[in-house]
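**Student:** Just a sequence and a predicted model for now, questions to come.
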Amino acid sequence: MPIFKSKEKDAPQVDFTNLPRHVAIIMDGNGRWARRRGLPRTAGHAAGAETFRTIATYCKDIGLEYLTVYAFSTENWKRPAEEVSAIMGLLKKYLLEAIGKMERDRVKMKFFGDLTPLTPELRELCRRTEEISTHYEGCQVNICLNYGGRDEIVRAARALAAECAAGERQPESITEELFSRRLFSAGIPDPDLVIRPSGELRLSNFLPWQSAYAEFYFTDVLWPDFSKEELNKALADYQSRSRRFGGV
């Protein structure tokens, strides 16, 4: 049985034959990481982007089916324009590199969120990335971009309300499964494990519907310092739990 063994004494072990299907991560702590080093916040985002690349590749290598990351929320537009511009620049750089390497890496990508506020160039890069991804099997990385969980739920409710108003369905026909099909994550299993680095203990509007029965793992490690070993700790902790989904 493949097992990860930590160098730490009595550390938990990971059974790679029994991984969760879907792991979601709130990539938090870039700004604090930079501040502690006397660097601009943009340097923290650059370091965080490299961590994302490392973790996404590792998830593919160990056979994880789905990884969903919180890259940019609907509230992040409130940040200084320079910081927002830097984040979008990093996204462009990453997508250009990803498109060039997708045939080699064969990692699928999908975007959750309202992409309309992005520049036409970024929207086209997102579209191309998703289109290329349809040709691959294996690990799928979902990037939440201009995403807000409440916004997602409202959009789904509006879509179903419009169908009812048009006489296409009756309100009593709406089920949880039908509602889920109107979300950005339609067709993707809900996350089994939600990880939040940086010491914060909240969801911050990240996948509230989908995370109803997820296990949560919090760590003080800031995202740029979140390594493969830190992910293994989270996976081992997840495997030590008993998921009953309301049963006994």
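**Tutor:** Sure, I can see it. All values reported here derive from a predicted model rather than from experimental measurement.
**Student:** Worst mean pLDDT across the helices and strands of the protein, which element?
**Tutor:** Ranked by mean pLDDT, DSSP states H and E, the weakest helix or strand in the chain is strand 3-4, scoring a mean of 44.
**Student:** Which is the succeeding secondary structure element to that one?
**Tutor:** Downstream of strand 3-4, the first helix or strand assigned by DSSP states H and E is strand 14-15.
**Student:** ok, now how distant is Ser227 from Tyr58?
**Tutor:** 9 Å (Cβ to Cβ, to the nearest Å). Glycine gets a C-beta too; all of them are placed from N, C-alpha and C.
**Student:** Now do the same for Leu203: helix, strand or coil?
**Tutor:** Here Leu203 is coil, with the state taken from DSSP: H, G, I helix; E, B strand; the rest coil.
**Student:** For Glu75, grab the count of nearby residues.
**Tutor:** 12 (other Cβ atoms under 10 Å).
**Student:** Tell me if I'm right that it and Gly149 touch.
**Tutor:** No - Glu75 is beyond contact range of Gly149, at 11.0 Å (criterion: Cβ atoms under 8 Å).
**Student:** anything in contact with each of the two?
**Tutor:** Here Glu75 and Gly149 have Asn205 as joint contacts, going by Cβ atoms under 8 Å, 6 or more residues apart in numbering.
**Student:** does His45 really touch Asp28, like I thought?
**Tutor:** No - the criterion here is Cβ under 8 Å, and His45 misses it with Asp28 at 11.6 Å.
**Student:** if I look at Ala24, how far off is Glu229?
**Tutor:** Counting by Cβ to Cβ - Ala24 and Glu229 are separated by 19 Å.
**Student:** now Glu65: how far from Ile132?
**Tutor:** 19 Å.
**Student:** So Ile55 belongs to a helix, correct?
**Tutor:** Yes - assessed by three-state DSSP, Ile55 belongs to a helix.
**Student:** list the contacts for it?
**Tutor:** Neighbours of Ile55 in contact, by Cβ under 8 Å, 6+ apart: Ile25, Leu67, Phe226, Lys228, Leu231.
**Student:** And the fourth one, its phi and psi?
**Tutor:** Note on Lys228: its backbone torsions stand at phi -60, psi -40 [degrees, to the nearest 10].
**Student:** what kind of secondary structure is the closest residue to it other than its chain neighbours in?
**Tutor:** Nearest residue to Lys228, sequence neighbours excluded (Cβ to Cβ, 6 or more residues apart in numbering): Tyr58, at 4.8 Å. Three-state call for Tyr58 (three-state DSSP): helix.
**Student:** Bridged to the spatially most central residue of the chain, which residues?
**Tutor:** Among the residues of the chain, the one closest to the centroid is Val69, at 1.7 Å (Cα atoms, centre = their mean). Partner residues in beta bridges with Val69, using DSSP bridges, are Ile25, Ile143.
**Student:** That one and Arg243, how far apart?
**Tutor:** Going from Val69 to Arg243 by Cβ to Cβ gives 22 Å.
**Student:** next one: Asp190
**Tutor:** 12 Å.
**Student:** shared neighbours, the two?
**Tutor:** Joint contacts of Asp190 and Arg243 (Cβ under 8 Å, 6+ apart) are Tyr213.
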